[in-house]
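In: Provided below are the primary sequence and the corresponding predicted coordinates.
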Amino acid sequence: MSVAIRAARRHELPALQDVENVADEIFRRVGMPWVLAMTPADLDPLERARRAGRLWVAVNGANRPVGFALLRTLDGMAWLHQLSVLPRYGGRGIGGALLEQACAKARRERHASVFLSTYLGVPWNAPFYARHGFNVMPLAQYSAAMRLERVHERQLGHPIWRRCIMRRDLEPCPIP
């Protein structure tokens, strides 16, 4: 199955919600059914990210989305808000390719790092990001915005004790 990574198109946004919902089904396998009850990304933030060039899709040979990455800013920081790939497309480097698109965009925007919040101990979460250069941040280093993000995650139903914030430092982008 060939897959291409490109900027998301407006008409694809509802399909990205479906991708997120289906991708979350894998949490059932690790005893985390509460993730399935969470609502996917809203269309308005997806559209804002698309217009800002911060939303990428992985599409199959039929040009249908099979994954996506959403980069946003959180208090001036580059924040990977969502990375989802349909399970049947997993293990093919699609998530890594989407992640690299987001990191490249952050680098072009002159961010020194990319941050994200994810689950510890779930193979396709923190260990995946660690393989791609992210490191778990100690709680003492969390900014006020990061602490507020964790409060928001708790309100959404995430058990905070199972989550962490990770950071990947970026090489500076050459000045043209």
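Out: Looks like it arrived, so ask away.
In: Using CSV, write out every CA atom in the longest helix along the chain.
Out: Under DSSP state H, the helix in the chain containing the largest number of residues is helix 94-108. Backbone C-alpha positions of helix 94-108 (Å, rounded to 0.1, in the frame of the first residue of the first chain) are rendered in CSV as follows:
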residue,chain,number,x,y,z
ILE,A,94,3.7,6.7,8.4
GLY,A,95,3.5,8.1,12.0
GLY,A,96,7.2,8.9,11.9
ALA,A,97,6.8,10.7,8.5
LEU,A,98,3.9,12.8,9.8
LEU,A,99,5.9,13.6,12.9
GLU,A,100,8.8,14.8,10.8
GLN,A,101,6.5,17.1,8.8
ALA,A,102,5.4,18.7,12.1
CYS,A,103,8.9,19.0,13.4
ALA,A,104,10.1,20.5,10.1
LYS,A,105,7.3,23.1,10.2
ALA,A,106,8.2,24.0,13.8
ARG,A,107,11.9,24.4,12.8
ARG,A,108,10.9,26.7,9.9
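In: got the contact list for it?
Out: Identification of contacts with helix 94-108 by CB atoms under 8 Å, 6 or more residues apart in numbering yields 3, 5, 53-54, 56, 58, 66-71, 78, 80, 83, 85, 113-114, 124, 128-129, 132, 168, 170-173. C-betas here are computed from N, CA, C, even on glycine.
In: same check, this time on stretch 115-129
Out: 26-27, 30, 32, 74, 77-81, 83, 90, 95, 99, 134, 136-137, 146, 149-150, 153, 162-168.
In: Taking those, please make a PyMOL selection of just the buried ones.
Out: In PyMOL, a selection of the buried entries from the contacts of stretch 115-129 looks like this (16 or more other CB atoms under 10 Å):
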select buried, resi 26+27+32+74+77+78+79+80+81+83+95+99+134+137+146+149+150+163+164+165+166+167+168
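In: among the contacts of stretch 115-129, which are in helices?
Out: Per DSSP H, the contacts of stretch 115-129 map to helices at 95, 99, 146, 149-150, 153.
In: all strands of this structure, in order?
Out: With DSSP state E as the criterion, the chain has strands at 4-7, 55-59, 65-74, 77-85, 113-119, 135-136, 163-169.
In: could you dump those to CSV with distance to residue 20?
Out: CSV is the format used below for those (distance: least, CB to CB, whole Å):
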stretch, distance to residue 20
strand 4-7, 17
strand 55-59, 12
strand 65-74, 8
strand 77-85, 5
strand 113-119, 14
strand 135-136, 24
strand 163-169, 17
